[in-house]
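> need the 3D shape of this:
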Amino acid sequence: MDEIIKMLDENLAYISHTLQSDTMLIAVKSMKYEICCPYCGVLSSKAHSKYLRKFRDLPIQGKKVIMTMENRKMFCLNPDCPYKTFAEHFPFLPKGAKRSIRLEQEILRVSLNCSSITSSKILSKGTVSIGKSAICRLIKKRKSESP
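Numbers count the residues shown, from 1 in each chain. Presented below is the predicted three-dimensional model:
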């Protein structure tokens, strides 16, 4: 399981997993000691607090996957930085997102070839629960990000 987690980010470590009917819940933890402030670029190892973050990822063996991880808030050690704290960021997970980038890419790959209603049905059979309006929002978001 640790190898699967390392595919998301080499700095993540597998903690545990449980199966609940059609869903696999996987707990992971960041192994980074220092985190770079996104506002000023100064490294910090001083933790402010932690909070639990949940997100969906690609299915494994026909099971939906929900990952949970402790996300840390850090103090910025730069006295000139206008921000005193910042949250740990992961490249595979957009800020505030509930789905990993690779899950969003799979949803878009399926939905670009058929209607959102059909895509929703196909993805639901493939163990990704998503509605037609969520697919439309993803497509609009992707179009607005494109140059």
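> alpha carbons only for contacts and neighbour counts from here, please
Will do.
> can you list the low-confidence ranges for this protein?
Low-confidence segments of the chain (pLDDT under 70): 126, 146-147.
> list the contacts of the helix or strand harbouring D57.
Assigned by DSSP states H and E, D57 belongs to strand 47-60. Strand 47-60 has contacts (Cα atoms under 8 Å, 6 or more residues apart in numbering) with 24, 64-75, 85, 97-100, 102-103, 126-128.
> if you count neighbours, what's buried in that strand?
A47, K54, R56, D57, L58, P59 (16 or more other Cα atoms under 10 Å).
> counting residues, which helix of the protein comes out longest?
Counting residues, the longest helix in the chain under DSSP state H turns out to be helix 132-145.
> for that one, packing partners?
Counting by 3 or more Cα pairs under 8 Å, 6 or more residues apart in numbering; DSSP states H and E, the packing neighbours recorded for helix 132-145 are helix 101-111, helix 116-125.
> how about the last one: buried residues?
Going back to what we said before, that points to helix 116-125. Buried residues in helix 116-125 (16+ other Cα under 10 Å): S116, S119, S120, I122, L123.
> what does the longest one give?
When burial is assessed from 16+ other Cα under 10 Å, helix 101-111 yields the following buried residues: I101, L103, E104, I107, L108, V110, S111.
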